[in-house]
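S.K.: Whatever this is, show me its structure:
(one chain, ligands or ions: 1)
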Amino acid sequence: MLRIAQTLEAQLRAAMQQAFPEADGELNPALGPASKPEFGDFQANGALALAKPLKQAPRQIAAAIVEQLRNSPEFSALAEAPDIAGPGFINITLKPSVLAAEVRQRIGDPRLGVAAVEQAEAPVIVDFSSPNIAKEMHVGHLRSTIIGDCLARVLEFRGHQVLRLNHVGDWGTQFGMLITHLKQVAPEALNTADAIDLGDLVAFYREAKKRFDDDEAFQTTSREEVVKLQGGDATSLKAWGLLCDQSRREFQKIYDRLDIRLSERGESFYNPQLPAVVDDLRDSGLLVTDEGAGCVFLEGVVGKEGKPLPLIVQKSDGGFNYATTDLAAIRYRLGAAGDGAERVIYVTDAGQAAHFAGVFQVAKRAGWVPAAASLEHVPFGLVQGDDGKKLKTRAGDTVRLKDLLDEAVERAQADLRRRLEEEERQESDSFIDQVATTVGLAAVKYADLSTNRITNYQFSFERMLALTGNTAPYLLYAVVRISGIARKGGALDGELPEQLVFEEPQEWALIRQLLQLDAVISEVESDLLPNRLCTYLFELSQSFNRFYDQVPVLKADEPMRSSRLALCRLAADTLKLGLSLLGIPSLERM
Ligand code: ARG
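M.R.: Coordinates of the predicted model:
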């Protein structure tokens with residue numbers, strides 16, 4: 001309905017101009033969706049802002065605008081005569097024929113009315129997932145992976161050229177420690193692929209970190225190892241490569257299971273660019289040496305004693321850090337010699353908000369961010385267990401992603417088997433496997449996407465696998481229900497009748513919901529909040545279920561029968577598209 005909204009907006013503006021030529025320049029129709037379904041489709045609040053400059057009562061102003069609209073044949077072709085409500089809101093209800101024509105246009109349209117952006121645009125980068133080598137991927141990375149993938153899918157569907165970048169932590173001091181430690185305890189891991197498995201690698205990393213913290217000699221050797229590696233020493237590089245490969249393969253297993261596409265461009269990629277970043281900052285006069293470290297003092301960010309806080313870009317030992325790498329990444333991603341991107345989206349936990357605010361500020365002050373480009377941090381809250389505390393296994397360990405996904409699928413399978421028994425249905429093992437896998441993984445993704453990402457989120461297998469409520473199984477079931485109509489003889493892709501005929505309130509409610517898709521997608525594109533899309537799909541499923549429970553479809557007479565089947569089809573297509581943008585495949589039966 002975005003296109004209709006635009007047309008109405010222009011008509012309202014013209015009506016305002018005609019009614020109040022003297023108020024030119026301040027005319028804003030302030031058009032938005034109606035606040036309640038009984039108020040129609042749209043609400044224009046522009047009369048209120050005119051009250052002061054025109055020194056008239058807002059209702060009177062609204063009446064004059066409505067008068068103009070009533071006289072406009074273009075407006076009358078779209079909408080019923082508008083009502084004035086409250087202090088001067090103009091309520092607009094679209095004509096049934098207009099809504100029916102919109103429905104008709106969407107049937108069989110693969111984009112379902114969602115416009116594509118103009119081509120030949122600069123790429124949009126989504127920086128997400130980004131686990132660290134030699135450390136296990138944890139639930140925070142899972143959130144980043146799921147949210148980032150959904151945002152990338154939405155942007156891709158809108159027609160943007162999206163670069164999905166995995167900013168893997170594959171460089172830095174952790175390798176110095178790890179190599180030093182492995183040389184002593186498992187030297188084979190440094191020259192033979194797969195000599196140890198990732199679980200062991202993580203354990204070795206923990207041991208190395210402990211030794212690094214406790215043992216000064218170990219620290220010194222580790223630092224020397226880092227210098228060797230960063231200096232390009234062949235043996236160190238080979239060991240580093242083997243360790244990265246091993247982690248990478250483990251990460252890939254998770255990505256494959258979740259159907260996530262990502263291009264790896266880890267921190268090491270920017271290594272050769274780091275000295276130039278610091279040189280540039282020095283040349284532009286931003287770099288200050290403080291206690292031997294190269295830093296930029298942040299504007300508007302003060303520490304405890306009211307002192308401005310620095311962003312350190314070069315440690316006193318000459319080494320670079322996480323911030324330096326992110327500055328290099330910005331320079332490269334936005335620069336014409338690099339990606340030339342127009343928008344960079346970073347999906348990480350909210351704990352990194354200060355890091356990104358600092359890095360973005362410095363990049364802007366250094367002149368690396370063109371006016372048309374934007375850098376956006378998309379923060380998310382912590383994953384908590386049922387008890388509201390940090391998610392842990394019963395034994396108190398961190399939860400391994402593989403175990404978490406396995407458990408979701410196992411539980412989905414147990415639920416399914418129970419349901420099949422109750423319904424006395426026989427299904428093959430391969431059917432059960434496929435449904436359980438889809439439902440289990442969908443539940444994990446959807447639980448994450450459907451909560452507002454800013455808040456912490458409580459992980460609960462029971463809640464996410466429930467067949468009722470705002471859950472993946474509920475949505476998947478709505479799709480299955482519609483597929484069932486086709487199996488009962490209601491061809492969903494049959495010929496459309498000459499005229500689509502709708503008469504029941506449940507039909508209109510469903511239609512209005514269906515026509516919101518383009519507005520919702522455009523909101524997710526700008527606000528980067530996937531839960532908006534989830535809420536929409538949930539409400540759409542509810543509207544569909546109300547319609548299907550209360551209005552006969554297969555038993556209705558023509559042309560109602562075909563019209564209602566067309567609504568069923570559009571509902572199924574909208575749900576499937578929406579789910580696919582969340583990274584969730586649909587099922588025909590479950
Ligand atoms: N590797 C980091 C972590 O595990 C996330 C990196 C996010 N991306 C970035 N450009 N800093 O927390």
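
S.K.: Grab the nearest non-local neighbour of F212.
M.R.: M177 (4.6 Å; Cβ to Cβ, 6 or more residues apart in numbering). Backbone N, C-alpha and C define where each C-beta goes, glycine included.

S.K.: give me the element that neighbour is part of.
M.R.: M177 is part of helix 173-185 when elements are defined by DSSP states H and E.

S.K.: Give me the distance between that helix and the centre of its chain.
M.R.: From the chain centre to the centre of helix 173-185 is a distance of 37 Å (Cα atoms, centre = their mean, to the nearest Å).

S.K.: Same check on stretch 251-260?
M.R.: Mean-position distance between stretch 251-260 and its chain equals 17 Å (Cα atoms, centre = their mean).

S.K.: Now that stretch: buried residues?
M.R.: Using 16 or more other Cβ atoms under 10 Å as the test for burial, stretch 251-260 gives 251, 254-255, 258, 260.

S.K.: Identify the farthest-apart pair in the residues you listed.
M.R.: Largest separation among these by Cβ to Cβ: F251 and L258, giving 11.0 Å.

S.K.: interface residues of the stretch 251-400 of the chain facing the ligand?
M.R.: Neighbours of the ligand within the stretch 251-400 of the chain, by Cβ under 6 Å from any ligand atom: 326, 329, 346, 348.

S.K.: So which of these sit within strands?
M.R.: Secondary structure assignment (DSSP state E) places 346, 348 from those within strands.

S.K.: got TSV for the residues of the stretch 251-400 of the chain next to the ligand, with neighbour count too?
M.R.: Conversion of those to TSV gives the following (neighbours: other Cβ atoms under 10 Å):
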residue	neighbour count
D326	27
A329	26
Y346	25
T348	24
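
S.K.: where do the strands sit along the stretch 351-500 of the chain?
M.R.: Per DSSP state E, counting those that start in this stretch, the stretch 351-500 of the chain carries strands over the ranges 374-380, 383-384, 457-458.

S.K.: now those strands as CSV including mean pLDDT?
M.R.: Formatted as CSV, the strands of the stretch 351-500 of the chain follow (pLDDT from 0 to 100):
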stretch, mean pLDDT
strand 374-380, 97
strand 383-384, 90
strand 457-458, 88
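
S.K.: could I have the strand ranked longest in the chain exported to PDB, CA atoms only?
M.R.: The residue-count maximum for a strand in the chain (DSSP E) belongs to strand 293-302. C-alpha atoms of strand 293-302 as PDB (Å, rounded to 0.1, in the frame of the first residue of the first chain):
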ATOM      1  CA  ALA A 293      50.200   4.800  23.100                       C
ATOM      2  CA  GLY A 294      48.800   6.300  20.000                       C
ATOM      3  CA  CYS A 295      45.200   7.500  20.500                       C
ATOM      4  CA  VAL A 296      42.500   9.800  19.400                       C
ATOM      5  CA  PHE A 297      40.600  11.600  22.100                       C
ATOM      6  CA  LEU A 298      36.800  11.200  21.600                       C
ATOM      7  CA  GLU A 299      34.600  14.200  21.500                       C
ATOM      8  CA  GLY A 300      31.700  14.100  23.900                       C
ATOM      9  CA  VAL A 301      32.800  11.000  25.700                       C
ATOM     10  CA  VAL A 302      34.300  11.500  29.200                       C
END
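
S.K.: next SSE after that strand?
M.R.: Toward the C-terminus from strand 293-302 - assigned by DSSP H and E - lies strand 308-314.

S.K.: What residues sit buried inside that following strand?
M.R.: Residues of strand 308-314 classed as buried: 310-314 (neighbour count, 16+ other Cβ under 10 Å).

S.K.: Could you check the angle that strand makes with strand 293-302?
M.R.: Angle of strand 308-314 versus strand 293-302, following axes from the mean of the first three to the mean of the last three Cα atoms, to 10 degrees, is 150 degrees.

S.K.: what comes into contact with strand 308-314?
M.R.: Contacts of strand 308-314 from elsewhere in the structure, counted by Cβ atoms under 8 Å, 6 or more residues apart in numbering, are 277-278, 281, 287-288, 290, 293-299, 301-303, 320-321, 323-324, 327, 358-359, 361-362.

S.K.: Show the buried residues in those.
M.R.: 277-278, 281, 287, 293-298, 320-321, 323-324, 327, 358-359, 361-362.

S.K.: on that earlier part again, from the residues of the stretch 251-400 of the chain next to the ligand, which two are the most distant?
M.R.: Checked with Cβ to Cβ, those reach their widest spread between A329 and T348, with 13.1 Å between them.

S.K.: ok, back up a step: minimum distance to R211: which of the strands of the stretch 351-500 of the chain has it?
M.R.: Of all the strands of the stretch 351-500 of the chain, strand 383-384 sits nearest to R211, with 30.0 Å by Cβ to Cβ.

S.K.: How far does that closest one sit from its chain's centre?
M.R.: Relative to its chain's centre, strand 383-384 lies at 18 Å (Cα atoms, centre = their mean).

S.K.: any idea how far A10 is from the most centrally placed residue in the chain?
M.R.: The centroid of the chain falls nearest to L151 when counting by Cα atoms, centre = their mean (3.3 Å). Distance from L151 to A10, counting by Cβ to Cβ, to the nearest Å: 31 Å.

S.K.: And P530, by the same measure?
M.R.: Counting by Cβ to Cβ, the gap from P530 to A10 is 31 Å.

S.K.: ok, the two, which is more surrounded?
M.R.: More neighbours surround P530 than the other of P530 and A10, with 29 against 13 (other Cβ atoms under 10 Å).

S.K.: from what I can see that one touches V524, true?
M.R.: Yes - contact status for P530 versus V524: in contact at 6.3 Å, counting by Cβ atoms under 8 Å.

S.K.: Which neighbours do these two have in common?
M.R.: Taking Cβ under 8 Å, 6+ apart as the criterion, P530 and V524 both touch 151, 154.

S.K.: SS state for G318?
M.R.: What DSSP: H, G, I helix; E, B strand; the rest coil gives for G318 is coil.

S.K.: Let me see the confidence value for it.
M.R.: Note on G318: pLDDT of 84.

S.K.: can you check the one 5 residues further on too?
M.R.: At A323, the predicted lDDT confidence score is 97.

S.K.: again, but for the one 4 residues further on
M.R.: With respect to pLDDT, L327 scores 98.

S.K.: Who are the contact partners of it?
M.R.: 277, 281, 313, 359, 362-363, 366, 368.

S.K.: how about a cut-off of 10 Å?
M.R.: By Cβ atoms under 10 Å, 6 or more residues apart in numbering, L327 lies in contact with 270, 273-274, 277-278, 280-281, 296, 311, 313, 320, 358-360, 362-363, 366, 368.
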